[in-house]
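A.B. asks: Okay, here's the prediction I keep looking at, along with the sequence it came from:
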Amino acid sequence: MRRLPRRFGSSSLNTKSAVVTTIVAVVDVVVVCKLLMHGAGPITTKRCLQVAGLVAIMLLVQGVGAFKATGMLFLPISVLWVFLAVALPICALRLLLVSRRRPVEAPVRGLAWMSLATVPLSFHASFVEPFRLITERHSVPIAHDVGWRRPLVVGVLADIQCEKVLDHHREAVRRVMEAKPDLIVLPGDYAQVGSHRIPEIAPDFRALLAPLDAPLGVWCVAGDTDKPADIWQLIEGTRVRFLQDEVVELGTGNERVLLAGISLHYDGPEALAALADLEARPGEALRLVFAHRPDVVYGLAQESPVDLVIAGHTHGGQVSLPFFGPPIVSTKVGRRVGAGGLHEVNGSLLYVSRGVGWENHHAPRIRVLCPPEVSLLTLASAP
């Protein structure tokens, strides 16, 4: 999602984040236990609610302070996650042990047991769900007469965003190739290690991309974690080709595909010129746009001839709450669209991938009801 701050390398980000969150967790455990179990009387529901209010204020102050001290956007989320996943269960266990020799009201004991129940949920969110790769298949109707008479399968590998290449990433590549797509697109965010470590990760990353091949090519654009110079190192010697605010014509004979690869600056003059070029080119053709950020869809005309826009960036929010969806998606298209899948936005079809990876460094590795995905999109004329 987000490029590394220039003043931090990946290792210093990890170290600083770990130090901050560890200190905060220790402070939280000490403070909550002291407030909740102060004195010798019974631990009441009223006291528990008062402490909960104070803790909410404390977490807000800690999150804002951590961000202002480090400039790390996702560090407040780490602070909250460590409290819920580590500090709160420790406090709950301490309370249940104290309840053996001191009166504790039943609702308070119930809340303590509920807090302990979050431990397996937290484990699943950090160590299971991020690796529970799924394959999303969508049928995309072609509304225009484009001259393309057979289904076109597009494989999407968004937001690989790795610190090192894992079997999880290799499985994503394997699944895409197993489907034998006509076209493969990679909408940005490849390695999240900082430019100084790109030479270190590049050999493994090139080996990861090496199997990718498709009749209409394999194409990539830059994301938030990428610089063009880094991308060239990561794709050198592979079949992957880099596009930056460009339109390429693919296919042969009467079956043409016009593909626009848009840069991270989706609303800049070069990007808007590429979109206008795509829309204005004469003749029948299937017209596709892919970019890192879904917001690129707003650069299209209201009645655009573009058949599909493909993007990533949001990771589906990484956390999706029941009946609500993701609290945060970092895009202007909104939470419902940013959560992923196929949607109509501003009169155009937009597919947002939840991505293969997750936010690294100072963000916690979590996915909740939002598994990583590879996407296979079948474009076909409506019957």
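C.D. replies: Here it is on my side, so go on. Numbers count the residues shown, from 1 in each chain.
A.B. asks: Pull up the gap between residue 251 and residue 157, please.
C.D. replies: Counting by CB to CB, to the nearest Å, the gap from residue 251 to residue 157 is 21 Å. To be clear about C-beta, it is placed using only N, CA and C from the backbone, and glycine gets the same treatment.
A.B. asks: Report all helices and strands that the longest helix along the chain contacts.
C.D. replies: Longest helix in the chain, counting residues (DSSP state H): helix 10-37. Under the contact criterion of 3 or more CB pairs under 8 Å, 6 or more residues apart in numbering; DSSP states H and E, helix 10-37 touches helix 45-70, helix 75-82, helix 88-98.
A.B. asks: And the chain, what are its domain boundaries?
C.D. replies: The chain resolves into domains spanning 10-127, 134-381 when parsed by automatic domain parsing.
A.B. asks: deepest of those domains, which one?
C.D. replies: Neighbour counts (mean count of other CB atoms under 10 Å) averaged over each of those peak at domain 134-381, with a mean of 20.
A.B. asks: Can you read off the pLDDT for residue 58?
C.D. replies: pLDDT for residue 58: 88.
A.B. asks: now swap in residue 76 and tell me
C.D. replies: 81.
A.B. asks: Provide a list of residues in contact with it.
C.D. replies: Neighbouring residues of residue 76 by CB atoms under 8 Å, 6 or more residues apart in numbering: 62, 63, 64, 66, 67.
A.B. asks: again, but for residue 371
C.D. replies: Neighbours of residue 371 in contact, by CB under 8 Å, 6+ apart: 129, 132, 133, 134, 354.
A.B. asks: please redo it, this time with the cut-off set to 10 Å
C.D. replies: Residue 371 is in contact with 128, 129, 130, 131, 132, 133, 134, 136, 316, 320, 354, counting by CB atoms under 10 Å, 6 or more residues apart in numbering.
A.B. asks: Am I right that the fourth one is in contact with residue 125?
C.D. replies: No: assessed by CB atoms under 10 Å, residue 131 is found out of contact with residue 125, at 11.4 Å.
A.B. asks: that older thread, looking at the domains of the chain, which has the lowest confidence?
C.D. replies: In terms of average pLDDT, domain 10-127 trails the rest of the domains of the chain, at a mean of 85.
A.B. asks: Would you reformat the contacts of residue 76 as TSV and include distance to residue 290?
C.D. replies: Output for the contacts of residue 76, formatted as TSV (distance: CB to CB, whole Å):
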residue	distance to residue 290
62	39
63	35
64	36
66	35
67	32
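A.B. asks: Surely residue 31 touches residue 55?
C.D. replies: Yes: between residue 31 and residue 55 there is a contact under CB under 10 Å: 7.9 Å.
A.B. asks: list residues touching both of these two?
C.D. replies: With CB under 10 Å, 6+ apart, residue 31 and residue 55 have common neighbours 87, 91.
A.B. asks: Secondary structure class of residue 181, three-state.
C.D. replies: coil (DSSP: H, G, I helix; E, B strand; the rest coil).
A.B. asks: Many thanks, we can stop here.
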